[in-house]
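Engineer: dropping the sequence and predicted coords here.
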Amino acid sequence: MRPQLTNVSELGLTPPWTDGSVTASAYRRDISDAFQRVFAIDGSNTDYDIANKIYQNAGNSTQTGVQLVLEHRLAPSWRMPGSINWLVVDIEGLGTTLLFPTPRPFSIAASRDDTWDVTVNNQIALPQGGDLRLGFIYYAAREVPQGRERARSSFDIAATWPLYG
């Protein structure tokens, strides 16, 4: 395996904002020799297909996007940070030979996809030193080297209180 190399260029702007902050940025990530988990059929058994999960350098890709990161204090005890990210993912085609467990050709088709994600958090200070956090994350569907990753999301709730105070 070769190391994955990522070169990142980013340009951001953070103007003044009362009771919070806002940052807008544009970026580009050039990824070479991406370290990926690939699934390949091992045709050495004629009775049934065996799928091997192999870690492989799976070619090159780029991610170009814009991101907006916000944080605002809605009340003295309530902060709401969040972000939205829109990006274009370009995956170069790849033809190589997998060596495990038997040598065989392997290829990944070139693809291009527009996608986005959003994060919203709430941080609320509670009485007696407690803290309540609510978080929501959404990742839109996107192309990956061996197909398409479905959209996914999560909602998290956490509360803390000091035991001794």
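Structural biologist: Great, that's in hand. Numbering: from 1, shown residues only.
Engineer: mind listing what the residue most central in space within the chain touches?
Structural biologist: Nearest to the mean C-alpha position of the chain, counting by Cα atoms, centre = their mean, stands residue 139 at 7.9 Å. By Cβ atoms under 8 Å, 6 or more residues apart in numbering, the contact list for residue 139 reads 115, 117, 149, 151-153. From N, CA and C alone the C-beta is placed, and that goes for glycine too.
Engineer: out of the residues you listed, which is nearest to residue 109?
Structural biologist: residue 149 (15.3 Å; Cβ to Cβ).
Engineer: who's in contact with the closest one?
Structural biologist: For residue 149, the contacting residues are 139, 141-143, by Cβ under 8 Å, 6+ apart.
Engineer: what's opposite the residue nearest to the centre of the chain in the beta bridge?
Structural biologist: Beta bridges link residue 139 to residue 117, residue 152, judged by DSSP bridges.
Engineer: for stretch 116-130, report the contacting residues that lie outside it.
Structural biologist: Contacts for stretch 116-130 (Cβ under 8 Å, 6+ apart): 77-87, 131-140, 159-162, 165.
Engineer: mind redoing it with 7 Å?
Structural biologist: Contacts to stretch 116-130, defined as Cβ atoms under 7 Å, 6 or more residues apart in numbering, come from residues 77-86, 131-140, 159-162, 165.
Engineer: mind listing what's buried in that stretch?
Structural biologist: For stretch 116-130, the neighbour count (16 or more other Cβ atoms under 10 Å) marks 116-118, 120-124 as buried.
Engineer: what would these look like in CSV with distance to residue 104 and pLDDT?
Structural biologist: Converted to CSV, the buried residues of stretch 116-130 look like this (distance: Cβ to Cβ, whole Å; pLDDT from 0 to 100):
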residue, distance to residue 104, pLDDT
116, 36, 98
117, 35, 98
118, 40, 98
120, 45, 98
121, 46, 97
122, 51, 97
123, 51, 96
124, 55, 97
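Engineer: how about the backbone phi and psi for the residue nearest to residue 162 when sequence neighbours are not counted?
Structural biologist: Nearest residue to residue 162, sequence neighbours excluded (Cβ to Cβ, 6 or more residues apart in numbering): residue 129, at 4.7 Å. Backbone geometry at residue 129, expressed as degrees, to the nearest 10, gives phi 80, psi 10.
Engineer: repeat that for residue 47.
Structural biologist: Residue 47 adopts backbone torsions of phi -80, psi -40, taken as degrees, to the nearest 10.
Engineer: tell me how far residue 70 lies from residue 19.
Structural biologist: From residue 70 across to residue 19, the span is 11 Å (Cβ to Cβ, to the nearest Å).
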